[in-house]
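Asks: following is a predicted model, sequence given first.
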Amino acid sequence: MKITILGNCGPYPRAYGACSGYLFECGDIKILIDCGNGTMSRLQQKVTNLGELDMIILSHFHSDHISDVMVLRYAIGYKRMNNEIENPIPLYAPSTPKEDFHKLQFKNAFALKSIEENLKVNYKNLTISFKKMNHSIDCYGVMIKNNNEKFVYSADTKYCNQILELSQDADLLLCESTVLEKDKTPTTSHLSAKDAGQIAKKSNVGKLLLTHFWPEYNLEEIHSEASEVFDGNVQLSEEMKTYFI
Ligand SMILES: [Zn+2]
Ligand SMILES: [Zn+2]
C-alpha cells in the first residue's frame, strides 16, 4: 500500500502548493482521498485515465478538501457521456450538509454513497472504515486495511478519543497538524503538531506523516513539536512524494 501527497495545505494553499488530496494505491487499486484545490491537475500526473479510479472518498465538505471535485465531476461526467468511462465512479462523502452532497453529481459522473458512523466497505482485498471526528462540520477519519497493513487518515479534527481509537496500531498515520500548540485556542477545530505526536504515541503508530499545514508556518517548527512528544518516525509530508505503508 502506498500514498501520494497531491496537496498538503489547509485551509488555503501556499504559492505553488495545493490543499488536501491524497492518492492511495494498493496493487491496481486507486482511491482518491479528498480533492482540495490544486489536486486534480496533480492527480492526472499520476492517473492519466481518470476511469482507473476505483473510488473517491471525501472526508468532509470544507472547500480545502473538496473544491477540485467540482471540476473533476465535469471531466468524469463528459467522459461518461463519450463512453470513455463506462461506470459512474463510487464517491463516498458525509450526507451533510445536504445541499453540498447533492451538488456533487454531474451527468452521472459518480455513484454517490453517504458515509455513516461504522460504515465498513469491503473492496477487493481492502477493508475501508470510517469514524466521525470532532470538527466544525460532520467529518470522517478513514482507515484502510489489507491483510498485513493498516493506514489511517485523520481528516480534520480536534484532539478526541475517536482519532485515538481509529489510529490504534496503524502502520502509517497521515495526520493533520494545522497549528502550533502556542496558537491553539479552545475554538480551534484542528490538531496541533503536539497533538499529532501525542496521538501517534498513545495509539502505538508505526510512522507519523504530518499534513494539512497552515501555509504561513515554518514547517521545521511543526516537525520538532511533534517529534518532542513522539520518539518514533515523524515526517513532514511533501507534495507529490509517495510514502509506502
Ligand atoms: Zn481542512
Ligand atoms: Zn475542515
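Replies: Yes, it's here. Small disclaimer: the values here were computed from a predicted structure and weren't measured. Ligands and ions are numbered 1, 2, ... in the order given.
Asks: distance check, the closest residue to ligand 1 within the chain against residue 44.
Replies: Nearest residue of the chain to ligand 1 (C-beta to the ion) works out as residue 10 at 3.7 Å. Yep, even glycine has a C-beta here, placed from its N, CA and C like the rest. For residue 10, the distance to residue 44 equals 22 Å [C-beta to C-beta, to the nearest Å].
Asks: and those two? Which one has more around it.
Replies: residue 10 (23 against 13; other C-beta atoms under 10 Å).
Asks: would you agree that one is in contact with residue 156?
Replies: Yes - if you go by C-beta atoms under 8 Å, residue 10 and residue 156 touch, sitting 7.3 Å apart.
Asks: so how far is stretch 133-151 off the chain centroid?
Replies: From the chain centre to the centre of stretch 133-151 is a distance of 9 Å (C-alpha atoms, centre = their mean, to the nearest Å).
Asks: may I see the buried residues of that stretch?
Replies: Neighbour-count burial for stretch 133-151 flags 133, 135, 138-146, 150-151 (criterion: 16 or more other C-beta atoms under 10 Å).
Asks: can I get it in PDB, CA atoms only?
Replies: Only the C-alpha atoms of stretch 133-151 are listed here, as PDB (Å, rounded to 0.1, in the frame of the first residue of the first chain):
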ATOM      1  CA  MET A 133     -14.100  13.100  14.100                       C
ATOM      2  CA  ASN A 134     -14.600  16.200  16.200                       C
ATOM      3  CA  HIS A 135     -14.700  19.000  13.700                       C
ATOM      4  CA  SER A 136     -16.900  22.100  13.000                       C
ATOM      5  CA  ILE A 137     -19.000  20.100  10.500                       C
ATOM      6  CA  ASP A 138     -19.500  16.300  10.000                       C
ATOM      7  CA  CYS A 139     -16.100  14.900   9.200                       C
ATOM      8  CA  TYR A 140     -14.900  11.300   9.000                       C
ATOM      9  CA  GLY A 141     -11.400   9.800   9.500                       C
ATOM     10  CA  VAL A 142     -10.600   6.900   7.200                       C
ATOM     11  CA  MET A 143      -8.900   3.600   7.900                       C
ATOM     12  CA  ILE A 144      -7.800   1.200   5.100                       C
ATOM     13  CA  LYS A 145      -6.500  -2.200   5.900                       C
ATOM     14  CA  ASN A 146      -5.300  -5.100   3.900                       C
ATOM     15  CA  ASN A 147      -4.100  -8.400   5.400                       C
ATOM     16  CA  ASN A 148      -0.900  -7.100   6.800                       C
ATOM     17  CA  GLU A 149      -1.000  -3.300   6.900                       C
ATOM     18  CA  LYS A 150      -3.100  -0.500   8.400                       C
ATOM     19  CA  PHE A 151      -3.300   3.000   7.000                       C
END
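Asks: please see if it touches ligand 1.
Replies: No - Stretch 133-151 is not in contact with ligand 1 by C-beta under 5 Å from the ion; minimum separation 8.5 Å.
Asks: between residue 10 and residue 156, what contacts are shared?
Replies: Taking C-beta atoms under 8 Å, 6 or more residues apart in numbering as the contact rule, residue 10 and residue 156 both touch 65, 176, 178, 212.
Asks: so for the second one, what's the nearest residue that isn't a sequence neighbour?
Replies: Spatial nearest neighbour of residue 176, chain neighbours left out: residue 212 (3.7 Å); criterion: C-beta to C-beta, 6 or more residues apart in numbering.
Asks: for residue 167, same thing?
Replies: Nearest to residue 167 is residue 203, by C-beta to C-beta, 6+ apart, at 3.8 Å.
Asks: repeat that for residue 189.
Replies: residue 136 (4.5 Å).
Asks: and the one you found, how far from residue 20?
Replies: Here the criterion is C-beta to C-beta. By it, residue 136 lies 15 Å from residue 20.
Asks: up against ligand 1, what does this protein have?
Replies: Residues of the chain found near ligand 1 (C-beta under 5 Å from the ion) are 10, 62, 64, 156.
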